[in-house]
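Student: Any chance you could fold what I've pasted below:
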Amino acid sequence: MVVLSGTALLVGRHWTAVEAGAARLAGADPGWLLFGAAAAMSTWGCSAIAQQGAVADPLPGGRLVAAQFAASAANHVLPAGLGAGAVNLRFLTRCGLSVPRSATALAVKATAGAVTRGVLIALLALTGPGLLRLPPLSGAVVVAALLVTAALPLLLLSGRLRRAVRAVAADVGAVHRLPGRAAALWGGSLAFASLHALVVVAVSRSLGLPVPPGRVALAYLVASSAAVLLPTPGGIGSLDAALAFALTLAGVPGSAAASVVIGYRLLAVWLPLLPGLLVLAVLLRRKAL
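Tutor: Numbers count the residues shown, from 1 in each chain. Below is the predicted model of the structure:
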């Protein structure tokens with residue numbers, strides 16, 4: 001609520017720029033917007049591939065894709081990650097997996113997503129020099145990080161946690177012993193992050209912005225990674241502000257940055273939201289969740 005309230009105040013303060021951004025989006029190239037919409041729709045298939053890659057057992061393909069569509073909608077009405085996690089956890093248990101194995105599969109998928117996103121940021125940072133600026137670290141922060149790192153091995157020595165870690169490691173090893181599953185996990189995660197970045201690039205191209213696509217994609221990846229720290233539903237407020245700020249650093253004017261954010265939200269969130277909620281209701285009615 002604090003983040004949403006702050007976002008409302010920020011929007012009100014800069015309403016002129018937001019209004020100009022919406023007006024500018026009305027004259028965008030429809031071809032690029034359709035391309036962005038196609039990229040946004042493809043993310044559900046990539047998410048399904050990555051989820052199958054995180055599980056050694058075969059999952060029903062049609063219901064798996066539908067569950068990812070429903071999970072994306074649930075993720076926009078509940079705190080970030082909670083809606084999608086709940087839907088996928090319920091789906092996996094309905095497919096016969098135990099709750100611990102289902103939770104492990106979700107953790108494996110989330111870890112693969114974070115790693116691939118980091119790799120993309122590292123690669124694209126070469127095309128956007130000066131965009132990534134690390135804040136200065138104080139001595140207290142460094143000492144705290146060292147203490148936490150030193151305490152982790154001690155925590156892992158406890159019997160119950162050690163058994164849990166071994167169970168997770170066994171499931172991860174089982175997945176990576178199957179080349180097809182490992183390729184699905186990492187390939188689907190990489191494609192998922194890339195397609196979301198491609199949606200932002202398509203919106204920027206529809207507006208005729210002269211900023212290189214690599215810098216726009218980097219701005220999105222950095223902003224979406226930072227927005228995870230503020231768990232608002234669907235990243236509302238946190239992702240919008242972070243993306244607008246990152247695009248401004250990348251060289252996009254303020255009103256144009258607002259247009260890109262609005263266009264991305266339109267294609268990736270607002271248009272699929274109602275159909276996604278309907279799919280969620282159907283899956284619940286058919287006891288698939």
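
Student: Could I get the full set of helices for the stretch 1-150 of the chain?
Tutor: Taking DSSP state H, counting those that start in this stretch as the criterion, the stretch 1-150 of the chain carries its helices at 2-13, 15-26, 30-53, 61-74, 82-94, 99-124, 139-156.

Student: Then the stretch 151-289 of the chain?
Tutor: Along the stretch 151-289 of the chain, the segments classed as helices by DSSP H, counting those that start in this stretch run 159-176, 179-206, 213-227, 238-249, 254-265, 271-285.

Student: give me the low-pLDDT residue ranges for this structure?
Tutor: Applying pLDDT under 70 to the chain flags residues 1-8, 10-22, 80, 128-168, 171, 230-235, 237.

Student: Repeat the analysis, applying 80 as the threshold.
Tutor: The chain contains residues with pLDDT under 80 at 1-26, 76-81, 126-176, 227-238, 254-255.

Student: In stretch 201-213, which residues are buried?
Tutor: Under the neighbour-count criterion of 16 or more other Cβ atoms under 10 Å, stretch 201-213 has 201-207, 209, 211, 213 buried. Every C-beta, even on glycine, is put in place using the N, C-alpha and C of the backbone.

Student: and that stretch, C-alpha only, in PDB?
Tutor: The C-alpha trace of stretch 201-213 is given here as PDB (Å, rounded to 0.1, in the frame of the first residue of the first chain):
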ATOM      1  CA  VAL A 201      11.700  -2.900 -27.500                       C
ATOM      2  CA  ALA A 202       8.700  -3.300 -29.800                       C
ATOM      3  CA  VAL A 203       6.800  -0.500 -28.000                       C
ATOM      4  CA  SER A 204       9.800   1.800 -28.300                       C
ATOM      5  CA  ARG A 205      10.200   1.000 -32.000                       C
ATOM      6  CA  SER A 206       6.500   1.700 -32.500                       C
ATOM      7  CA  LEU A 207       7.000   5.200 -31.200                       C
ATOM      8  CA  GLY A 208      10.000   5.800 -33.400                       C
ATOM      9  CA  LEU A 209      12.500   6.300 -30.600                       C
ATOM     10  CA  PRO A 210      16.100   6.500 -31.700                       C
ATOM     11  CA  VAL A 211      17.400   4.600 -28.700                       C
ATOM     12  CA  PRO A 212      19.200   1.400 -29.600                       C
ATOM     13  CA  PRO A 213      17.100  -1.800 -28.900                       C
END
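
Student: which residues sit against that stretch?
Tutor: 24-25, 28-33, 35-36, 39, 127-128, 216-217, 247, 250-252, 256, 259-260, 263-264, 267 (Cβ atoms under 8 Å, 6 or more residues apart in numbering).

Student: List the contacts of stretch 255-273.
Tutor: Contacts to stretch 255-273, defined as Cβ under 8 Å, 6+ apart, come from residues 14, 17-18, 20-22, 24-25, 28, 33, 36-37, 40-41, 43, 69, 72-73, 76, 196, 199-200, 202-204, 206-207, 209, 216, 220, 234, 240, 243-244, 247-248, 252.
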